[in-house]
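> my questions concern the predicted model and sequence given below.
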Protein chains: 2
Amino acid sequence: MTTENKERTRRGGGRKKLAATRGATGPPQLPFGAIKNPYPPFNILSDDQVQTIHETSLDILETIGMRVQNLESRELLKQAGADIDTASEDIKLDRHFVEEMITGLASEFDVIARNPEKTLTVGGNNLCFATVCGPSFVSDLDEGRRRGTYDKMCDFIKIAHMLNIVQHEGGAGFEPLDLPVASRHMDMMYAQITLTDKGWYPCWLNSGPRARDVIEMTKIALGLSEEELLNTPTIQSGVNTNSPLLLDDDLASGMIELAKVGQPICVTPFTLAGAMSPITLAGTLAQQNAEVLLSACIVQAARRGTPMIYGHFASNVDMKTGSPAFGTPEYVKTTLASAQMARFYGWPFRSSNTTAAQSVDAQASYESMMSLWGNVLSHTNIVLHGFGWLEGGLTCSFEKLILDAELVQMLAETLKPIGFTKADLAIEAIADVGAGGHFFGTPHTMERYQNAFYAPMISDWRNFENWEEDGSKTATQRANGVWKELLAAYEKPPIDPSIEEELQAYMAKRKEYYAAA
Amino acid sequence: MTTENKERTRRGGGRKKLAATRGATGPPQLPFGAIKNPYPPFNILSDDQVQTIHETSLDILETIGMRVQNLESRELLKQAGADIDTASEDIKLDRHFVEEMITGLASEFDVIARNPEKTLTVGGNNLCFATVCGPSFVSDLDEGRRRGTYDKMCDFIKIAHMLNIVQHEGGAGFEPLDLPVASRHMDMMYAQITLTDKGWYPCWLNSGPRARDVIEMTKIALGLSEEELLNTPTIQSGVNTNSPLLLDDDLASGMIELAKVGQPICVTPFTLAGAMSPITLAGTLAQQNAEVLLSACIVQAARRGTPMIYGHFASNVDMKTGSPAFGTPEYVKTTLASAQMARFYGWPFRSSNTTAAQSVDAQASYESMMSLWGNVLSHTNIVLHGFGWLEGGLTCSFEKLILDAELVQMLAETLKPIGFTKADLAIEAIADVGAGGHFFGTPHTMERYQNAFYAPMISDWRNFENWEEDGSKTATQRANGVWKELLAAYEKPPIDPSIEEELQAYMAKRKEYYAAA
């Protein structure tokens, strides 16, 4: 099945061109498909500096070490040959052991979607943008900022499904706080599986039992046996570390559960410079790298060859208030530098589209643009929190979802090379129009006008008078109209009812277990 | 004097580092100084494609030609060896003549400011950002959008003077429509000369007499003779062409007047793809290049060796409404490609910070961010309209001025390399803090916290509750507060009163002439 999926993807989405399409309803959109950055990555570190970060992080692991609060992780490391005392949480790793454990891993793999046409390759010069996950709050212009609910979460997934530029469902958008905390990860995943047919990032892998639920539901959704899953990198799991230099019991056990079934592990240290990592960016990069490498050793000790993804979240705190800052110059620089570290190890790279703005205003727009340019220039393979993130990740905004879709579409279009055929050079059209003429209405223009330029979803290019007459709407107000239009046009993608039934049965059984626990 | 200016600049602004400074009053700002892009330019054209644009533009000049409505221009070309009939406005130029005329020009030169500390180098990897010029309207949140006035224009220049990141006064911001059209260019220039001591772009060089006024006022302001001016590239003149393939009498005569006194000429074709140039970007680039090269031939025929600046304005029109679109993916691509053409000829490059948004909202923010990333990645040496441009250039906004200052500061900070000293790598600080600790308050943090990170002017990073309690202000509303703060703190830079008197006397004489004309 995996091979077939790959083939179908290659024949389907993989070859689709990013040309503008305009449906009968809804805003103009680019078609679903891979975004590739055909230009070299933007490097801000020299090769020597990359080597220095690597060596410094090995020094950290060798001389300072890291605290791993999960016994199984320490036992796995010991079995793999690490010279450690498993009775102590504080472990130090020899640099040669680390270097040996992290070599020879996959640099590219497919992430299987329920709809094989939407399977995408992670790695290389492929850029994948996924929706936000994690916020407790949800907001829109109509109802303001409030606690997340399951109904609203389903609306978010539906709108994201309708946006072609959303390539992966990133984790259901936000927490449905109206559901029990112990089991809601399954409700979230059920919504992801059934309301969209795109690839998805499972919700909350931060414990062994939760990770097992994700594995079981994935097997049901994709019709895979445990054996088949082992050879199908399907679940992209995001695991944070508790920076500085700490990996707690729950995070480690979730990571190991997924590693054992060969699922790609993205390790993302939570390094906010000045608080959870040194105030200097080089120090933050070195600490981040140490935490990634130690986590990779545990993953590889659990199952050798499990694909790794290098995760980046390094930003800085506002030293006046202690608040995290996002989409800053420092954030762009650590994105570019971290991507170089990922390339040094030959792993795919993950970053985010972030902002600390509290409303969908000019700040949200420019901080996201900073983040996204960093993502694009660095060849970020997976942009988590790509759509909808607001307020440092505390809130998921429906208008921000649409704004981000516009921004990512603009960047995807920017990456399309300029055509250079004879007809593109247009010397005959220039001759026909002549000095002081006009290109409107010429055959050269008429043949191309429908798809010549990027067609925006929310940018308003009318003159001031027309804009004013139409209510002087801001881009954010226009985004409000767009998500409602998409939600109204939503159609549930087909799914075998027996899959839904099997998922429901699994969840019912597990909810009994969680309720009793 | 020029040499001394250069020396003082090198000792002063030239060596200043871009570290955050926080004055007793006003928002945090980076210090005044050169912005350098230490990374290679981002090239989207292959060398072959650059050559193709060059050759196609020579084909255009050889086979289609251009209409030059200024007799002196044609006579100068003829004297320089062009095989043309000066009686005809429609001229064609042999490719060898063109190639011969445009070689060997300066790739870098200083632009002299009234305050030598603010003299900056144009070219190479230096980026200079200047304020907007040209709009008829002005807007702010208090009074809305209205016709430009002289008083408000002076306020704009004063605020721009107070913003360190504004490196050049770009042309007084907007038109004071309350002054007579025939002579207001002198009032604008008087305000530029006296209200700020930064380098300035003269206002409206679009006729021979106006260009002469600019030359005379520059000589008075800087204490230069005509002979000294000839060897001092001081006045950066922006000259548009009337695309497609037309150069009118006024524009050509202004250009020649300045070329004769050796002042750098920036030629910027007005190519909106689909209207004034082909709908294809390659065609637009070829036509733009042809117009730049022909204009350069006229400039070089007027005075051989006059420095050239390659100007870019190529964007696209919205094919639904015919409105110009700015800050689009197409705009970024033509910026990057045009900069490659400038490098091909070895000239400095000029582009802009543009948006078609009608208010200072998320769209204004992301379209400007698109433009500015294009500017930075392409090594745009002069970013005209860098601060304050709104509504496709019809309006100058005071809040946009502040927003743009924030954006340009963020990009300047992004270009600062990451420090890699032993102390930056912070392995001792990491050891001291240890697993699960915190970097707040450590000596390593305390020694650096004041200048470690970019300090924003309008970004609000407080938590939602504090932000809400403070009035739920958008970034645009906060920008409104910032420009008022800067205007209140404005102090006029010192100027010899005799210079002001001499300028006033010159203007009085010329206003009599214009009134009589």
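That came through fine. Residues are numbered from 1 along each chain as shown, chains lettered A, B, ... in the order given.

> contacting residues for A:Lys78?
Counting by C-beta atoms under 8 Å, 6 or more residues apart in numbering or on different chains, A:Lys78 touches A:Ile84, A:Thr86. (C-beta placed from N, C-alpha, C; glycine too.)

> how close does it get to A:Ser88?
11 Å (C-beta to C-beta, to the nearest Å).

> could you do A:Ser371 as well?
Using C-beta to C-beta, we find A:Ser371 at a distance of 39 Å from A:Ser88.

> more neighbours, these two?
Looking at A:Ser371 and A:Ser88 with other C-beta atoms under 10 Å in any protein chain shown, you find the greater number of neighbours at A:Ser371, namely 29 against 12.

> unless I'm mixing things up, the more buried one is touching A:Thr355, no?
Yes: between A:Ser371 and A:Thr355 there is a contact at 7.1 Å, judged by C-beta atoms under 8 Å.

> and for chain A, the residue most distant from the center?
Ranked by distance from the centre of chain A (C-alpha atoms, centre = their mean), the top residue is A:Ala435, with 49.7 Å.

> report the contact partners of the residue in the stretch 251-400 of chain A positioned nearest to chain B.
The nearest approach of the stretch 251-400 of chain A to chain B comes at A:Gly283, 2.8 Å away (C-beta to the nearest C-beta). Applying C-beta under 8 Å, 6+ apart, we find A:Gly283 in contact with A:Ala273, A:Ser277, B:Asp424, B:Leu425, B:Ala426, B:Ile427, B:Ala429, B:Ile430, B:His444.

> and it, what pLDDT?
In this model, A:Gly283 is scored at 98, pLDDT.

> what does the one 3 residues further on give?
In the prediction, the pLDDT value recorded for A:Ala286 is 98.

> secondary structure class of it, three-state.
Following DSSP: H, G, I helix; E, B strand; the rest coil, A:Ala286 is assigned to helix.

> taking the centroid of chain A, which residue is nearest it?
Central residue of chain A (C-alpha atoms, centre = their mean): A:Leu384, at 2.0 Å.

> residues contacting that one?
Taking C-beta under 8 Å, 6+ apart as the criterion, A:Leu384 is in contact with A:Ala130, A:Val132, A:Cys133, A:Gly170, A:Gly171, A:Tyr201, A:Gly238, A:Arg350, A:Ser351, A:Ser352.

> now, which of the residues you listed lie within strands?
In this view, the contacts of A:Leu384 that belong to strands under DSSP state E are A:Ala130, A:Gly238, A:Arg350, A:Ser351, A:Ser352.

> just the buried residues of these.
A:Ala130, A:Gly238, A:Arg350, A:Ser351, A:Ser352 (16 or more other C-beta atoms under 10 Å in any protein chain shown).

> one step back: any chance of the contacts of A:Gly283 in a markdown table, plus pLDDT?
Formatted as a markdown table, these follow (pLDDT from 0 to 100):
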| residue | pLDDT |
| --- | --- |
| A:Ala273 | 97 |
| A:Ser277 | 98 |
| B:Asp424 | 98 |
| B:Leu425 | 98 |
| B:Ala426 | 97 |
| B:Ile427 | 97 |
| B:Ala429 | 97 |
| B:Ile430 | 98 |
| B:His444 | 97 |
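
> pLDDT added to the buried ones among the ones in strands among the contacts of A:Leu384, as CSV?
What follows is those, written out as CSV (pLDDT from 0 to 100):
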residue, pLDDT
A:Ala130, 97
A:Gly238, 81
A:Arg350, 97
A:Ser351, 97
A:Ser352, 98
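
> would you turn these into a markdown table with distance to B:Asn289?
As requested, these are arranged in a markdown table below (distance: C-beta to C-beta, whole Å):
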| residue | distance to B:Asn289 |
| --- | --- |
| A:Ala130 | 41 |
| A:Gly238 | 48 |
| A:Arg350 | 41 |
| A:Ser351 | 37 |
| A:Ser352 | 40 |
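
> which of these lies closest to B:Glu100?
Proximity of these to B:Glu100 was ranked by C-beta to C-beta; the top entry is A:Ser351 with 50.0 Å.

> the buried ones among the ones in strands among the contacts of A:Leu384: which ones sit near chain B?
Applying C-beta under 8 Å from any C-beta of the partner chain to these, one finds that nothing falls near chain B.

> ok, of the residues you listed, which one's closest to A:Tyr190?
Distances from A:Tyr190 to these, taken by C-beta to C-beta, are shortest for A:Ala130, at 18.2 Å.

> quick check: that closest one vs chain B, distance?
For A:Ala130, the distance to chain B (C-beta to the nearest C-beta, to the nearest Å) stands at 20 Å.

> isn't A:Gln49 right next to B:Gly419, touching?
No: counting by C-beta under 8 Å, A:Gln49 stays clear of B:Gly419, with 10.4 Å between them.

> neighbour-wise, which of these two wins?
Taking neighbours as other C-beta under 10 Å, A:Gln49 and B:Gly419 compare with A:Gln49 leading, 18 against 13.

> ok, now which ones touch the closest residue to that one other than its chain neighbours?
Nearest non-adjacent residue to A:Gln49, counting by C-beta to C-beta, 6 or more residues apart in numbering or on different chains: B:Phe420, 5.6 Å away. B:Phe420 makes contact with A:Gln49, A:Thr52, A:Ala282, according to C-beta under 8 Å, 6+ apart.

> mind putting those residues in JSON lines, secondary structure included?
As requested, the contacts of B:Phe420 are arranged in JSON lines below (three-state DSSP):
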{"residue": "A:Gln49", "secondary structure": "helix"}
{"residue": "A:Thr52", "secondary structure": "helix"}
{"residue": "A:Ala282", "secondary structure": "helix"}
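
> so which helix or strand takes in A:His161?
Element membership of A:His161 [criterion: DSSP states H and E] is helix A:150-162.

> how about that helix: buried residues?
Buried residues in helix A:150-162 (16+ other C-beta under 10 Å): A:Tyr150, A:Lys152, A:Met153, A:Cys154, A:Asp155, A:Phe156, A:Ile157, A:Lys158, A:Ile159, A:Ala160, A:His161, A:Met162.
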